[in-house]
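**Student:** Just a sequence and a predicted model for now, questions to come.
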Amino acid sequence: MARIELELDESLANYLTPAQMQVLDLRVKGNTLVKVAEVLGKSRNTVKSQLYGTDDDPGIFGRAEEILGERPHNETHLVVNFLLRGFLRFTEENQ
């Protein structure tokens, strides 16, 4: 049976920081914020800041707004728009 996953396109590195790339990669693979924080050795609040931004950094959603021309409503909206624009792609892994 094949397993399908989402993979980030390297061109996203032109828009996102390496830390944001790590967070997004783990999130699109279905990990919770808590699990992402655990894997990266960061706090949940740090992971949320990478996603939603702070006063100093727009985060993944802010950068997505620059790329897409509108701020995504939620993570599903972000993923779908990134898929449509080629920033994410499906990969198939045989089990």
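**Tutor:** Everything's here; your move.

**Student:** give me the element the spatially most central residue of the chain is part of.
**Tutor:** Closest residue to the average C-alpha location of the chain: residue 24 at 2.2 Å, with Cα atoms, centre = their mean. Assigned by DSSP states H and E, residue 24 falls within helix 18-28.

**Student:** average model confidence for the helix or strand just after that helix?
**Tutor:** For helix 18-28, the following helix or strand on the C-terminal side (DSSP H and E) is helix 33-40. What helix 33-40 shows for mean pLDDT is 96.

**Student:** Which positions within helix 33-40 qualify as buried?
**Tutor:** 33, 36-37 (16 or more other Cβ atoms under 10 Å). C-beta here means a position set from N, CA and C on the backbone, and glycine is covered the same way.

**Student:** what's the offset of that helix from the middle of its chain?
**Tutor:** Computed by Cα atoms, centre = their mean, to the nearest Å, the chain-centroid distance of helix 33-40 equals 13 Å.

**Student:** Give the burial count for residue 46, as a bare number.
**Tutor:** The number of residues packed near residue 46 is 15, by other Cβ atoms under 10 Å.
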